[in-house]
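*Asks:* Give me a 3D structure for the following:
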Amino acid sequence: MVSQKPGPPWARAQPKLNIMASFTDDGQCIHLAPIGTVRLGPQSTLEYCNWMVLGNKAEIVPRLNALLAKHKDEKFKLTDTK
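*Replies:* Numbers count the residues shown, from 1 in each chain. Here you go, the predicted structure:
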C-alpha cells in the first residue's frame, strides 16, 4: 500500500492499483475510492462494477486484494463518447 500525505491536492497521488483509501489514526477507513479519468460525451454511457468494502485497514487490505485478484480481467464499458 502506498502512503500519501493527508489533504489535497489528490492529483499528486499515483497509487499502483488506481485506488485510494483514507484512514483515521486508529486505522478506521473513512473513504475508499477508485481513481481514474474517462472522457464522457453528452450521450455517453459508462458501465462499471463497484464494491463496498468495510472494516479497518487490517481487514480491508486482504479483502480488497482478493476482489482485485478475482476480478482482474474485468474492464469498464464506455459507449458513445461523442
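
*Asks:* what's downstream of the least confident helix or strand in the chain by mean pLDDT, the next helix or strand?
*Replies:* Least confident helix or strand of the chain, by mean pLDDT, DSSP states H and E, is strand 29-34 with a mean of 73. In the C-terminal direction, the helix or strand that comes right after strand 29-34 (DSSP states H and E) is strand 45-47.

*Asks:* got the buried residues for that following strand?
*Replies:* Of all the residues in strand 45-47, not one is buried under the rule 16 or more other CB atoms under 10 Å. From N, CA and C alone the C-beta is placed, and that goes for glycine too.

*Asks:* now the helix or strand just after it and strand 29-34, what's the angle there?
*Replies:* Where DSSP H and E defines the elements, the next helix or strand beyond strand 45-47 is helix 57-70. With axes from the mean of the first three to the mean of the last three CA atoms, to 10 degrees as the basis, helix 57-70 and strand 29-34 are set at 20 degrees to each other.

*Asks:* Name every strand pairing with the helix or strand just after helix 57-70 and say which way it goes.
*Replies:* Sequence order places strand 77-79 as the next helix or strand after helix 57-70, per DSSP H and E. The strands beside strand 77-79 in its sheet (DSSP bridges) come out as strand 45-47 (antiparallel).

*Asks:* Identify the residues contacting the strand it pairs with?
*Replies:* For strand 45-47, contacts defined as CB atoms under 8 Å, 6 or more residues apart in numbering pick out 38, 40, 76-80.

*Asks:* count of neighbours near residue 60?
*Replies:* Using other CB atoms under 10 Å, residue 60 has 19 other residues around it.

*Asks:* The chain should start at 46 in everything you say after this.
*Replies:* Got it, the first residue is 46 from now on, which makes the last one we talked about residue 105.
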